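*Asks:* no sequence for this one, just the structure:
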């Protein structure tokens, strides 16, 4: 018989040799079995013990002990049954491990998809307007904005010069039917936005603003934006110049956005109503 076939069920070369040798004999002593199977005498007892564990070999109560092969038909049926039980137990343990990994990953608070965008040192010509327009055009339902107290008047020249661009962008969202909620520390954004609204002659547009845009005043150390309950925007602050941002991180993760929405709702209740009309 080809020993490679026995190797497929877990028997090594020595174990296969001893078992095949015993199948040709009624029974044998260990020393004679070592010689007949060409297994070193120093290994023969270890091999016989393994075969006994497989229940492929029986030990006869004699002196010296003799060993005989168990009938292959019954022996391999039992061996298969044990392998089957072991495999089922291994699969059960593997599934439990997978389930545990899944639970831990699902409970992981870290974001799943993160993208970072860095600003140029200075926006040239129409760069800022194009960037804001491109970012806002993908918004479909709602935008919640929290503006850090560092953006109060005179604290950030870069932000002060950009408020007109953001004011127009927010009104563009409202015109498309997107709800906008903003928490502002009292920055130059507010008079800029109010001036734009006052200049609007379209009464239906003004009604949309009243229905879809809300602004409250609150000084806070938080600074983030939530878009459509699935994306969170966070500023990347220049550590050597805290009045300037290096760029922005976009986090695409609904569970992460949900955590920020909870914080937004908490801050929103503290904000002071600001009339836009």
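*Replies:* Arrived safely, thanks for sending. All figures in this text were calculated on a predicted structure; none of them were measured in a lab.
*Asks:* residue 29 and residue 68 touch, don't they?
*Replies:* No: assessed by Cβ atoms under 8 Å, residue 29 is found out of contact with residue 68, at 11.1 Å. For every residue, glycine as well, the C-beta is placed using N, CA and C.
*Asks:* can you pull out the helices in the stretch 1-150 of the chain?
*Replies:* 3-7, 13-23, 30-37, 41-53, 72-106, 127-136 (DSSP state H, counting those that start in this stretch).
*Asks:* double-check that residue 226 belongs to a helix.
*Replies:* No: Residue 226: not assigned to a helix; according to DSSP: H, G, I helix; E, B strand; the rest coil it is strand.
*Asks:* tell me, how many residues neighbour it?
*Replies:* The local packing of residue 226 (other Cβ atoms under 10 Å) involves 24 other residues.
*Asks:* quick check, pLDDT for it.
*Replies:* With respect to pLDDT, residue 226 scores 95.
*Asks:* over to residue 166?
*Replies:* Here, the pLDDT recorded for residue 166 equals 86.
*Asks:* now the strand or helix carrying it and helix 127-136, what's the angle there?
*Replies:* Element membership of residue 166, judged by DSSP states H and E, is helix 157-175. Angle, helix 157-175 to helix 127-136, by axes from the mean of the first three to the mean of the last three Cα atoms, to 10 degrees: 40 degrees.
*Asks:* mind listing what's buried along helix 157-175?
*Replies:* Of all the residues in helix 157-175, those buried under the rule 16 or more other Cβ atoms under 10 Å are 159-160, 162-167, 169-174.
*Asks:* how about stretch 55-71?
*Replies:* Using 16+ other Cβ under 10 Å as the test for burial, stretch 55-71 gives 56, 57, 66, 67, 69, 70.
*Asks:* dump these into JSON lines; add distance to residue 234 as well.
*Replies:* Formatted as JSON lines, those follow (distance: Cβ to Cβ, whole Å):
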{"residue": "56", "distance to residue 234": "65"}
{"residue": "57", "distance to residue 234": "69"}
{"residue": "66", "distance to residue 234": "78"}
{"residue": "67", "distance to residue 234": "73"}
{"residue": "69", "distance to residue 234": "72"}
{"residue": "70", "distance to residue 234": "70"}
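*Asks:* name the stretch among the helices of the stretch 1-150 of the chain that sits most buried.
*Replies:* Comparing the helices of the stretch 1-150 of the chain by mean neighbour count (mean count of other Cβ atoms under 10 Å), helix 13-23 comes out on top with a mean of 20.
*Asks:* elements contacting that helix?
*Replies:* Applying 3 or more Cβ pairs under 8 Å, 6 or more residues apart in numbering; DSSP states H and E, one finds that helix 13-23 makes contact with helix 3-7, helix 30-37, helix 41-53, strand 57-60, strand 66-69.
*Asks:* now those in TSV, with mean pLDDT and distance to residue 186?
*Replies:* Listed next are those as TSV, based on pLDDT from 0 to 100; distance: least, Cβ to Cβ, whole Å:
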stretch	mean pLDDT	distance to residue 186
helix 3-7	80	80
helix 30-37	89	93
helix 41-53	90	80
strand 57-60	88	89
strand 66-69	89	92
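*Asks:* tell me which of those sits nearest to residue 238.
*Replies:* helix 3-7 (65.4 Å; Cβ to Cβ).
*Asks:* distance from the chain centre to that closest one, please.
*Replies:* Its chain's average C-alpha position is 44 Å from that of helix 3-7, according to Cα atoms, centre = their mean, to the nearest Å.
*Asks:* contacts for that helix, please.
*Replies:* The contact list for helix 3-7 (Cβ atoms under 8 Å, 6 or more residues apart in numbering) reads 11, 13, 15, 16, 17, 19, 20.
*Asks:* is it correct that the third one is in contact with residue 50?
*Replies:* Put plainly, it is residue 15. Yes: at 5.6 Å, residue 15 counts as touching residue 50 under the criterion of Cβ under 8 Å.
*Asks:* for residue 116, see how far away residue 130 is.
*Replies:* Residue 130 sits 19 Å away from residue 116, going by Cβ to Cβ, to the nearest Å.
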